[in-house]
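**Q** got a structure for you, letters missing:
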C-alpha cells in the first residue's frame with residue numbers, strides 16, 4: 001500500500017540526517033497547534049518504541065498560516081504530558097504543495113483538510129498520498145473526522161488524543177510489516 005523506498009536528500013529528523021529511503025508522513029489539521037501535532041507526537045512514539053526511528057520520519061502542518069512558528073496549544077501540550085508524551089519541540093508551520101514531494105503519506109485529520117489538500121494536489125500521484133487518519137482505525141465505525149478541540153476544555157483534548165492514539169496505532173500496524181523487511 002505504501003511505498004517505503006523514496007529518494008529524499010537533505011531531509012532531517014530531530015537534527016539527524018535522515019536516510020534516503022526513510023518513509024515520510026505528514027499529519028495535517030487547520031492551524032497545526034492541536035490535532036496534527038498530537039498525531040505527529042503519538043505516531044512518532046509508536047515508531048520509536050518499535051525501533052524504527054531511523055526508517056520513518058513524521059512531521060505535521062496546518063492548512064492555514066495563523067500560527068506559523070508558534071508552539072502547540074498549551075492544552076495540547078498538557079494533554080500529551082498527561083499521557084507521557086513530549087510535544088514541547090513542536091513549532092507550527094503551514095502545509096506547502098512541496099510537502100507532497102517530501103512525503104510518502106499525507107494524513108488529514110478531518111474531511112475539510114482532506115478537501116483542501118485534494119485541491120492543492122498537483123497530480124493524481126499527489127492525491128493518491130492523501131488519507132484520513134481515522135480511516136485506519138476500523139473501530140471508528142464510519143466516523144472519519146477528528147473533532148477540533150480548540151474551543152473545548154481539557155476533557156475534549158484528552159478525548160481527541162484518545163482517538164488519535166487509536167488511529168495512529170492502527171496506521172503504524174499497517175506500516176510495520178513493510179518496515180520489518
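**A** Happy to help now that I have it. All of these numbers come straight from a predicted model, not from anything done at the bench.
**Q** What's opposite the residue most central in space within the chain in the beta bridge?
**A** For the chain, the residue nearest the mean C-alpha position is residue 27 (2.5 Å; Cα atoms, centre = their mean). Residue 27 has the following beta-bridge partners by DSSP bridges: residue 60, residue 107.
**Q** got a list of what it touches?
**A** Contact analysis of residue 27 by Cβ atoms under 8 Å, 6 or more residues apart in numbering lists 35-37, 39-40, 43, 58-61, 107, 109, 133. Quick note: C-beta positions are derived from backbone N, CA and C, even for glycine.
**Q** If we only consider the residues you listed, which is nearest to residue 168?
**A** Set against residue 168, the nearest of the contacts of residue 27 by Cβ to Cβ is residue 43 (4.4 Å).
**Q** three-state assignment of that closest one?
**A** helix (DSSP: H, G, I helix; E, B strand; the rest coil).
**Q** okay, now it: neighbour count?
**A** Using other Cβ atoms under 10 Å, residue 43 is surrounded by 25 other residues.
**Q** With the one 3 residues further on instead?
**A** Taking other Cβ under 10 Å as the criterion, the count of residues near residue 46 is 20.
**Q** what's near enough to touch it?
**A** Residues near residue 46 by Cβ under 8 Å, 6+ apart: 168, 169, 172.
**Q** Format those residues as TSV; extra columns: neighbour count and distance to residue 128.
**A** Converted to TSV, the contacts of residue 46 look like this (neighbours: other Cβ atoms under 10 Å; distance: Cβ to Cβ, whole Å):
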residue	neighbour count	distance to residue 128
168	27	21
169	15	24
172	22	20
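**Q** Sort out for me which of those are in helices.
**A** Within the contacts of residue 46, residues falling in helices by DSSP state H are 168, 169, 172.
**Q** For the first one, give me its contacts.
**A** Put plainly, it is residue 168. Counted by Cβ under 8 Å, 6+ apart, residue 168 has contacts 39, 42, 43, 46, 133.
**Q** now swap in residue 150 and tell me
**A** 31, 33, 34, 73.
**Q** again, 10 Å this time
**A** Residue 150 makes contact with 29, 30, 31, 33, 34, 35, 73, 75, 76, 156, 157, 160, according to Cβ atoms under 10 Å, 6 or more residues apart in numbering.
**Q** so how far is residue 68 from residue 20?
**A** Using Cβ to Cβ, to the nearest Å, residue 20 is found at 28 Å from residue 68.
**Q** Residue 91: which of the contacts of residue 150 is nearest?
**A** Set against residue 91, the nearest of the contacts of residue 150 by Cβ to Cβ is residue 33 (9.8 Å).
**Q** Surely that closest one touches residue 92?
**A** Yes: here residue 33 reaches residue 92: they are 5.4 Å apart, a contact under Cβ atoms under 10 Å.
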